[in-house]
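Undergrad: from the sequence below, what's the structure:
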Amino acid sequence: MTASAPATRAGRRMVPETVHACAFLSYLLAGGLLAELSIVHQMIELGLLAADDWDGIQPLVLLLALPMLAAAVAVHLGVRPARPVLAIAAWLLAAFLVILAIGVAGLSSVPATVWLAILVNAVAAVVVARLPYGQDADAYLRGRGLSRAEARTAARARGRAPGGVVLAAVCLGSAALVGVIATVDLAVNAGGSAMPPLAIAAMAVALVRGLLKGRLWARAYAVTLLALALAAGTVTVIGLWRASIPRHDLLASAPPDVGPAVLTALLVMAVDAVLLYALAWKDTSIDYFTAGW
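TA: Got it, this is the predicted structure:
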């Protein structure tokens, strides 16, 4: 038995949901960090953040995030030696992000949402480091477990998707449709690229189809997105609450009315929580995806 490719005479092994979740979270974490670094750079150029406070941060984040991303791809493909590399890179990234969050939390020029978002990323990095060490992931990386052909055969006896899964598929598909419309409008009116709406549409179709057919990767991706959306919603609500606190300054303007924005954020978070429960914890969904592949 080799340590790299999880394949036998029965065919390639079925990728466990935890491995899918680990990989997807790594991809989203790395992409999110790059996006946040771009936002920080723009805020520095606009004079909203002090450049000296962020000197050298971008190279360090890239130095830690890129090896984690590469190792996550390898683990997703079943390369067992990449697992400790992924764990070490993720733990180092988490430690660095915690230190960074503590360092910038006391800076008056840094909004609370910035260091809270950094902490969310640190927690995500810890989850990335832990996910590939579960029982199913260990069996997959050692070349054991059901083959894809065996899993497909077992899935044929399964019934239709339960209501919770259908609800999640409809809601996520609708949200993706809104994203497609928004990016198409941006592409038409602002001269943007047509690739983002096409990519969102393709991913949405694949995700909805995957959920309804009981694909493990689809539930792993959907659960990861919903969990990150809840975390982002929490950070947003805290940021809005802090923005509504009156400043004791003679020259300070009155705080904005954040009530409608907070209510909208809470409603979206409530929907996220319901969908997350329907996919991750509802018994009928668990049984449905247990027989999936």
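Undergrad: didn't L275 look like it was pressed against A168?
TA: Yes: proximity of L275 to A168 meets the contact threshold set by CB atoms under 8 Å, at 4.7 Å. To be clear about C-beta, it is placed using only N, CA and C from the backbone, and glycine gets the same treatment.
Undergrad: give the residues shared as contacts by these two.
TA: A222 (CB atoms under 8 Å, 6 or more residues apart in numbering).
Undergrad: which one of the two has more residues nearby?
TA: Higher neighbour count among L275 and A168: A168, with 29 against 25, using other CB atoms under 10 Å.
Undergrad: so what does that one look like in phi/psi?
TA: Note on A168: its backbone torsions stand at phi -60, psi -40 [degrees, to the nearest 10].
Undergrad: check what pLDDT it gets.
TA: A168 carries a pLDDT score of 92 in this model.
Undergrad: correct me, but it touches L212?
TA: No: using CB under 8 Å as the test, A168 is too far from L212 to be in contact (9.8 Å).
Undergrad: distance of A124 relative to W241?
TA: Per CB to CB, to the nearest Å, A124 is found 23 Å from W241.
Undergrad: pick out whichever of these two has more residues nearby.
TA: Taking neighbours as other CB under 10 Å, A124 and W241 compare with A124 leading, 24 against 12.
Undergrad: tell me the pLDDT of the more buried one.
TA: As predicted, A124 sits at a pLDDT of 94.
Undergrad: what does S193 give?
TA: 61.
Undergrad: L86 too?
TA: Note on L86: pLDDT of 95.
Undergrad: who's in contact with stretch 267-285?
TA: Where contact means CB under 8 Å, 6+ apart, the residues beyond stretch 267-285 that reach it are 162-165, 167-168, 171-172, 211, 219, 222-223, 226-227, 229-230, 233-234, 237.
Undergrad: hmm, E36 is touching A117, no?
TA: Yes: between E36 and A117 there is a contact at 6.6 Å, judged by CB under 8 Å.
Undergrad: comparing the two, which residue is more hemmed in?
TA: A117 (22 against 15).
Undergrad: how about the contacts made by the more buried one?
TA: Per CB under 8 Å, 6+ apart, neighbours of A117: E36, A232, V235.
Undergrad: tell me which of those is nearest to L107?
TA: E36 (16.0 Å; CB to CB).
Undergrad: tell me which element the closest one is part of?
TA: Here E36, judged by DSSP states H and E, is contained in helix 17-45.
Undergrad: buried sites along that helix?
TA: 17-30, 32-34, 37, 40, 43-44 (16 or more other CB atoms under 10 Å).
Undergrad: that one packs against which elements?
TA: helix 57-76, helix 82-105, helix 112-130, helix 135-141, helix 216-243 (3 or more CB pairs under 8 Å, 6 or more residues apart in numbering; DSSP states H and E).
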